[in-house]
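Visitor: Here is my input, please return the structure:
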Amino acid sequence: MTKTDLARELLFHIRLGEDSSIEFKQVVCDGTRIIGPHKDKMALEIAAFANSQGGRIVLGVDDKTREVLGIADEQVARVEEWVVTLSQQAINPPVPLHTRLLQLPDRAGMAKTVIYVEIPRSIMVHASNGRYYQRVGSTKQEMKPEVLMRLFQQRSQSRLIRFDETLVPATTLDDLDRSLLQRFLRADTPEADQLRKLHLSASEHGQLGLSISGVLLLTPNPTQWLGNAYVQCVCYSGTERDAHDQLDAADCTGPLDQQINDALAFVRKNMRLAATKTIGRQDLPQYDLGAVFEAIVNAVAHRDYSMTGRRIRLHMFADRLELYSPGALPNSLSLDGLMENTVTRNETIVNLLSRYYNAREEAGRQALIERRGEGVPKIIKASEALSGKRPEYRLVDDDELLLIIYAASKDVQDE
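Guide: Residues are numbered from 1 along each chain as shown. Just a heads-up that it's a prediction; the model follows:
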């Protein structure tokens, strides 16, 4: 929508007043301080819209008189930054929102600057100061326990619905990349039906768009909607996480298969050689790339994508590789049971990666994922055979899985 069309629509809503989808706020500044609206109330308004059907807040309009007051030019950037910061730091999990600067006429016909804030309906449930609100009519109301429980169920955080099949608000089928879609298409079935059957698209309340899986597999930049859906790679020269020792860093973004391949390329590029003491000197890599590939695939396929503030982290040190994957172990799986049991968090993602994507040569197989429960045993056995040290799985703060793969030392003694 153009700014002219949006301004015309907002003037119409201002004449009618607030409702379940729009809120007006007067902005009051004292020097560099923003004293109105109060930051706590503003955060609750944003969370309430995200917990409902989404909505819009217009900053610079008196909600009682419906008068366009505007925001002083020297304060506009500060107010815009303030509201974005609130959405990220005062609400848990953070709410992605969009802002636009508009010019609206006041009663005298003078152009005034307002900030238009659009809050999409969220796929999560959001709290501010530990309290959960939703929009009811033109007001926000704290949710009763039974209402809150139902909302958690509807938005899949209770895992009653597969999270990776839920609709990503503000997406449409136009957001997918057709070159990424081709691998899934069959000539004998309508495209829309295939997207629906593969759970790459989803609909809710009449809105048709991409599912979590669709965004992660069919868009060139999933972080546009899922801000931390990427792999952060860092290589250090020493054994500690020290910025002064950082040798290389890269954010592996894009669709999931690209993230996997780019993260593996980062490890291949940065790992060193470990020399054996056998006659004739044999050079071996620090890591078994097949095991590293398996570990990256597992992290990308099984991480908890509902944890919007967390990304996968792959950190290389002189003596080890650490791979952090957001999310506790799914269902009743324990650390001790990783070798024997296979439990899938993202059933749709795993299914599609196993059916439609080929693995790299290092994997020693054709499919990107083979659903036989051999991934973790391969990581353990291949890595231990190379380094002499058994990799370790640890649970960090009950919400992040850490895998440590030890590097083969510079002098590996053959037995």
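Visitor: contacting residues for the spatially closest residue to residue 53 that is not a sequence neighbour?
Guide: Counting by CB to CB, 6 or more residues apart in numbering, residue 53 lies nearest to residue 121, which is 5.1 Å off, once chain neighbours are set aside. C-betas here are computed from N, CA, C, even on glycine. Shown in contact with residue 121 (CB atoms under 8 Å, 6 or more residues apart in numbering): 50, 52-54, 169.
Visitor: For the residues you listed, pick the one with the most neighbours.
Guide: residue 50 (29 neighbours; other CB atoms under 10 Å).
Visitor: Is the closest residue to that one other than its chain neighbours in a helix, a strand, or coil?
Guide: Nearest residue to residue 50, sequence neighbours excluded (CB to CB, 6+ apart): residue 122, at 4.0 Å. Look at residue 122: counting by DSSP: H, G, I helix; E, B strand; the rest coil, its state is coil.
Visitor: how close does residue 122 get to residue 35?
Guide: According to CB to CB, to the nearest Å, residue 122 and residue 35 sit 28 Å apart.
Visitor: neighbour count winner among these two?
Guide: residue 122 (21 against 11).
Visitor: ok, that one touching residue 48?
Guide: No. Judged on CB atoms under 8 Å, residue 122 makes no contact with residue 48 at a distance of 10.8 Å.
Visitor: Show me where the stretch 51-200 of the chain has its helices.
Guide: 73-89, 145-154, 178-181, 191-197 (DSSP state H, counting those that start in this stretch).
Visitor: Stretch 291-311: end-to-end distance?
Guide: Stretch 291-311 has an end-to-end distance of 21 Å (CA to CA, to the nearest Å).
Visitor: Quick check: mean pLDDT of it?
Guide: Stretch 291-311 carries an average pLDDT of 90.
Visitor: So, low pLDDT: which residues of the stretch 1-150 of the chain?
Guide: For the stretch 1-150 of the chain, the stretches with pLDDT under 70 are 1.
Visitor: Can you identify each of the strands in it by residue range?
Guide: Along the stretch 1-150 of the chain, counting by DSSP state E, counting those that start in this stretch, strands occupy 22-25, 28-30, 33-36, 55-59, 98-105, 111-119, 133-136, 139-142.
Visitor: For residue 319, which of the ones you listed is the nearest?
Guide: strand 98-105 (44.7 Å; CB to CB).
Visitor: for the closest one, packing partners?
Guide: Applying 3 or more CB pairs under 8 Å, 6 or more residues apart in numbering; DSSP states H and E, we find strand 98-105 packed against helix 3-16, helix 73-89, strand 111-119.
Visitor: Can you give me the buried ones in the first one?
Guide: By neighbour count with 16 or more other CB atoms under 10 Å, helix 3-16 contains the buried residues 6-7, 10, 13-14.
Visitor: same deal with the shortest one?
Guide: Across strand 111-119, burial judged by 16+ other CB under 10 Å covers 112-117, 119.
Visitor: The closest residue to residue 296 other than its chain neighbours is in what secondary structure piece?
Guide: Closest residue to residue 296 apart from its sequence neighbours, by CB to CB, 6+ apart: residue 263 at 4.9 Å. Assessed by DSSP states H and E, residue 263 sits inside helix 256-270.
Visitor: how about the CA coordinates for that helix, as PDB?
Guide: Output of helix 256-270 as PDB, limited to C-alpha atoms (Å, rounded to 0.1, in the frame of the first residue of the first chain):
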ATOM      1  CA  LEU A 256      17.900 -24.900   5.200                       C
ATOM      2  CA  ASP A 257      19.900 -26.900   2.700                       C
ATOM      3  CA  GLN A 258      22.000 -23.900   1.900                       C
ATOM      4  CA  GLN A 259      22.600 -23.300   5.600                       C
ATOM      5  CA  ILE A 260      23.800 -26.900   6.100                       C
ATOM      6  CA  ASN A 261      26.200 -26.800   3.100                       C
ATOM      7  CA  ASP A 262      27.600 -23.400   4.000                       C
ATOM      8  CA  ALA A 263      28.200 -24.400   7.600                       C
ATOM      9  CA  LEU A 264      30.000 -27.500   6.500                       C
ATOM     10  CA  ALA A 265      32.100 -25.400   4.100                       C
ATOM     11  CA  PHE A 266      33.000 -23.200   7.000                       C
ATOM     12  CA  VAL A 267      34.400 -26.100   9.000                       C
ATOM     13  CA  ARG A 268      36.200 -27.500   6.000                       C
ATOM     14  CA  LYS A 269      37.800 -24.100   5.300                       C
ATOM     15  CA  ASN A 270      38.900 -23.500   8.900                       C
END
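Visitor: Please name the bridge partners of the closest residue to residue 21 other than its chain neighbours.
Guide: Excluding its sequence neighbours, the residue lying closest to residue 21 (CB to CB, 6+ apart) is residue 55, at 4.8 Å. Under the criterion DSSP bridges, residue 55 forms beta bridges with residue 119.
Visitor: One more: residue 394?
Guide: In this entry, residue 394 is beta-bridged to residue 402, by DSSP bridges.
Visitor: any idea of the pLDDT on it?
Guide: The per-residue pLDDT reported for residue 394 equals 92.
Visitor: now it: how far from residue 404?
Guide: 7 Å.
Visitor: Comparing these two, which shows the higher neighbour count?
Guide: Set residue 394 next to residue 404 and count neighbours by other CB under 10 Å: residue 404 wins out with 17 against 12.
Visitor: so where does that one fall, helix or strand?
Guide: strand 400-406.
Visitor: same thing with residue 300?
Guide: In the assignment (DSSP H and E), residue 300 maps to helix 289-302.
Visitor: so after that helix, what's the next helix or strand?
Guide: Next helix or strand after helix 289-302 toward the C-terminus (DSSP H and E): strand 312-316.
Visitor: what's the angle between that next one and strand 400-406?
Guide: Here the directions of strand 312-316 and strand 400-406 differ by 20 degrees (axes from the mean of the first three to the mean of the last three CA atoms, to 10 degrees).
Visitor: list the helices and strands strand 312-316 packs on?
Guide: In terms of contacts (3+ CB pairs under 8 Å, 6+ apart), strand 312-316 is packed against strand 231-236, helix 256-270, helix 289-302, strand 320-326.
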